[in-house]
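Trainee: for reference, the sequence and a predicted model appear below.
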Amino acid sequence: MQNIRIGIVGVGNCASSLVQGISYYRHKDSEDAIGLMHWEIGGYKPCDIEVVSAFDIDRRKVGKDVAEAIFAEPNCTTVFYKDVPKIGATVCMGKIMDGFSEHMRDYDNKYTFVLADEPEPEMGEVIRVLKESETEILLNYLPVGSEEATRFYVECALGAGVAFVNNMPVFIVSDPAWAKRFEEKNIPIIGDDIKAQLGATITHRTLTDLFKKRGVKLERTYQLNTGGNTDFLNMLNSIRLLSKKESKTEAVQSVAGRRLDDENIHIGPSDYVAWQKDNKICFIRMEGKLFGGVPMNLELRLSVEDSPNSAGIVIDAIRCGKLALDRGEGGILYGPSAYFMKHPPQQYTDDEAYRMTEAFINETWGKKPDEMLDYRRGKREQAVAEG
C-alpha cells in the first residue's frame with residue numbers, strides 16, 4: 001500500500017506531536033501501541049503517514065526540514081520521540097493574513113512571532129506545491145481566530161483537489177456553502193475543531209450525557225481551561241475566541257437533556273500561564289438535582305499535555321480521509337466528523353458517533369448519517385431475528 005501523503009498548515013505544537021508520533025509508532029506493533037484508538041484503519045498504520053508539504057510563517061521554521069522545524073521555538077510540547085529522521089519536506093512560507101494575533105508580535109523573545117522575510121505566496125503557488133508534492137490530505141493547524149487564512153487554504157485545497165481536515169474552529173465543514181463545494185468536486189472533508197483524545201470537552205460531554213441518562217437535572221456548569229502554549233497566548237485576544245467558545249459550548253449543549261440558558265453555561269479558554277507550557281489544566285463544575293429534587297454538584301480537575309492529546313485523534317482522521325479517497329467518496333464524512341470534532345455539521349452523542357465511524361471504517365457505508373444509523377439498526381434487528 002502507498003503511504004498517505006499529507007500537508008500541514010501551521011507547524012506548531014500539534015504538528016510536532018503528530019510528526020513525532022508517526023516515527024514513534026513505526027517502532028511499535030499492535031501489542032504495545034498504547035495511546036491509539038485504532039492501530040490499523042483500512043490497512044493503514046500510523047507509520048504509513050508521510051508529510052510531503054508544510055507551511056508556516058515563522059522564520060525559525062520556514063526553509064527547514066519538517067523534522068527540524070517541529071522542535072523550533074516557540075513550540076514547547078513534550079518531546080516523546082526526539083530522533084525523528086529527516087523527512088525531505090521543507091516548510092514553505094505561508095500566507096500571513098490573520099494567522100497570528102498582533103499582540104504576540106512583541107510579547108517576549110521566546111513567544112514573539114519572528115515573521116519570515118520571504119514573500120507570502122499567492123494561491124496559485126500554494127496549489128502548485130500541493131500538486132507537485134502529490135499531497136492527498138491537507139491538515140489545518142492554524143491558530144484560533146485565523147478566519148481569513150483558513151479560508152485561503154481551503155480554497156487552495158479545492159484548487160488542488162486535496163482532502164481537508166479542519167482541526168480548528170473556523171466553520172468550514174459545518175458551513176453548507178463550503179460543504180457543497182467539496183461535495184461537487186467529490187473531495188472528502190472532516191471538521192470542524194478537533195476533539196481531543198481525552199480532553200476537557202470530551203470529558204465534559206461524557207459527564208453531561210451521564211447526567212441525562214441517570215435522570216439528573218443539570219442546572220448549570222462551567223469549564224475553565226488554562227495553558228502556557230502559543231495557542232493560549234493567542235487566545236488572550238478575546239476577539240479571536242468567538243468561534244472557539246461557540247464550538248466548545250455547542251459540543252456540550254448538544255448532549256444535554258435540556259439546553260441550558262446562556263447564563264448557566266460557561267465553556268471556553270480562560271487564561272494563559274506561561275510556565276504550564278503545553279500542559280492544559282481544566283476545571284469543570286456541574287450542578288444539578290437528583291431524586292426528590294435533592295441538589296448535588298461535581299468538580300473535576302484534568303491535567304493533560306494538550307498537543308499529543310490532539311494527535312491521538314488526528315492520526316485517525318487522516319486515515320479515514322484516505323479511506324474516503326480510496327473509495328472515491330467526497331463531501332462531508334459525517335461519522336468521523338461527529339466523532340473526531342467538536343463542531344461537526346450534525347451533532348450526535350459520542351456513542352452514536354463512534355458507531356457511525358466504525359461503520360464507515362469497516363463497511364462501505366459512509367457518507368450520509370441517516371444511512372449509517374439505519375444500516376446499523378438493520379444489522380442489529382437481523383441479528384436478533386437470527387437468534
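Mentor: Everything's here; your move. Numbering: from 1, shown residues only.

Trainee: please, where are all the helices along this protein?
Mentor: Per DSSP state H, the chain carries helices over the ranges 13-26, 66-69, 123-132, 147-160, 176-184, 200-213, 230-234, 242-253, 306-327, 334-340, 350-362, 369-385.

Trainee: out of those helices, which one sits most buried?
Mentor: The highest average neighbour count among the helices of the chain, using mean count of other C-beta atoms under 10 Å, belongs to helix 334-340 at a mean of 27. All C-beta atoms are positioned from the backbone trio N, CA, C, and that covers glycine.

Trainee: contacts for it?
Mentor: With C-beta atoms under 8 Å, 6 or more residues apart in numbering as the test, helix 334-340 has contacts from 173, 189-192, 194-195, 313-314, 316-317, 320-321, 344-348, 350, 352-354, 356-357, 359-360, 366-369, 372.

Trainee: just to revisit the earlier point, mean pLDDT added to the helices of the chain, as JSON lines?
Mentor: Shown next, in JSON lines, are those (pLDDT from 0 to 100):
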{"stretch": "helix 13-26", "mean pLDDT": "97"}
{"stretch": "helix 66-69", "mean pLDDT": "98"}
{"stretch": "helix 123-132", "mean pLDDT": "98"}
{"stretch": "helix 147-160", "mean pLDDT": "98"}
{"stretch": "helix 176-184", "mean pLDDT": "97"}
{"stretch": "helix 200-213", "mean pLDDT": "96"}
{"stretch": "helix 230-234", "mean pLDDT": "91"}
{"stretch": "helix 242-253", "mean pLDDT": "92"}
{"stretch": "helix 306-327", "mean pLDDT": "97"}
{"stretch": "helix 334-340", "mean pLDDT": "97"}
{"stretch": "helix 350-362", "mean pLDDT": "95"}
{"stretch": "helix 369-385", "mean pLDDT": "56"}
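
Trainee: now do residue 83: how many residues are near it, please.
Mentor: For residue 83, the count of nearby residues is 10 (other C-beta atoms under 10 Å).

Trainee: separation between it and residue 51?
Mentor: For residue 83, the distance to residue 51 equals 16 Å [C-beta to C-beta, to the nearest Å].

Trainee: kindly report the same for residue 204.
Mentor: Where residue 51 is concerned, residue 204 sits at a distance of 32 Å (C-beta to C-beta).

Trainee: repeat for residue 95
Mentor: Residue 95 is 19 Å from residue 51, by C-beta to C-beta.

Trainee: between those two, tell me which one has more neighbours.
Mentor: When neighbours are counted by other C-beta under 10 Å, residue 95 and residue 51 differ, and residue 51 comes out ahead with 27 against 22.

Trainee: which residues touch the most centrally placed residue in the chain?
Mentor: The centroid of the chain falls nearest to residue 194 when counting by C-alpha atoms, centre = their mean (2.3 Å). Residue 194 sits next to 14, 167, 168, 310, 313, 314, 317, 340, 341, 342 when contact means C-beta under 8 Å, 6+ apart.

Trainee: let's see 10 Å
Mentor: Applying C-beta atoms under 10 Å, 6 or more residues apart in numbering to residue 194 gives the contacts 14, 139-141, 165-169, 201, 309-314, 317, 340-342.

Trainee: can you check residue 145 too?
Mentor: Here residue 145 is in contact with 98-101, 168-170, 234-235, 237-244 (criterion: C-beta under 10 Å, 6+ apart).

Trainee: quick check on these: which are buried?
Mentor: By neighbour count, with 16 or more other C-beta atoms under 10 Å, the contacts of residue 145 hold 98-101, 168-170, 234-235, 237, 240-241, 243-244 as buried.

Trainee: among these, which one lies nearest to residue 158?
Mentor: Ranked by distance to residue 158 (C-beta to C-beta), the buried ones among the contacts of residue 145 are led by residue 170 at 15.0 Å.

Trainee: who's in contact with that closest one?
Mentor: Residues near residue 170 by C-beta under 10 Å, 6+ apart: 140, 142, 144-151, 153-154, 178, 191-193, 243-244, 247, 343.

Trainee: returning to that earlier point: any chance of the helices of the chain in JSON lines, plus distance to residue 278?
Mentor: Compiled in JSON lines, the helices of the chain are given as follows (distance: least, C-beta to C-beta, whole Å):
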{"stretch": "helix 13-26", "distance to residue 278": "5"}
{"stretch": "helix 66-69", "distance to residue 278": "16"}
{"stretch": "helix 123-132", "distance to residue 278": "28"}
{"stretch": "helix 147-160", "distance to residue 278": "22"}
{"stretch": "helix 176-184", "distance to residue 278": "30"}
{"stretch": "helix 200-213", "distance to residue 278": "14"}
{"stretch": "helix 230-234", "distance to residue 278": "9"}
{"stretch": "helix 242-253", "distance to residue 278": "17"}
{"stretch": "helix 306-327", "distance to residue 278": "5"}
{"stretch": "helix 334-340", "distance to residue 278": "20"}
{"stretch": "helix 350-362", "distance to residue 278": "25"}
{"stretch": "helix 369-385", "distance to residue 278": "34"}
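
Trainee: between those, which gets nearest to residue 40?
Mentor: helix 306-327 (8.5 Å).

Trainee: how far away is the residue nearest to the centre of the chain from residue 61?
Mentor: Residue 194 sits 21 Å away from residue 61, going by C-beta to C-beta.

Trainee: equivalent analysis for residue 197, please.
Mentor: Relative to residue 61, and taking C-beta to C-beta, residue 197 is found at 25 Å.

Trainee: so for those two, which sits in the more crowded spot?
Mentor: Ranked by neighbour count (other C-beta under 10 Å), residue 197 and residue 61 place residue 61 first, with 28 against 20.
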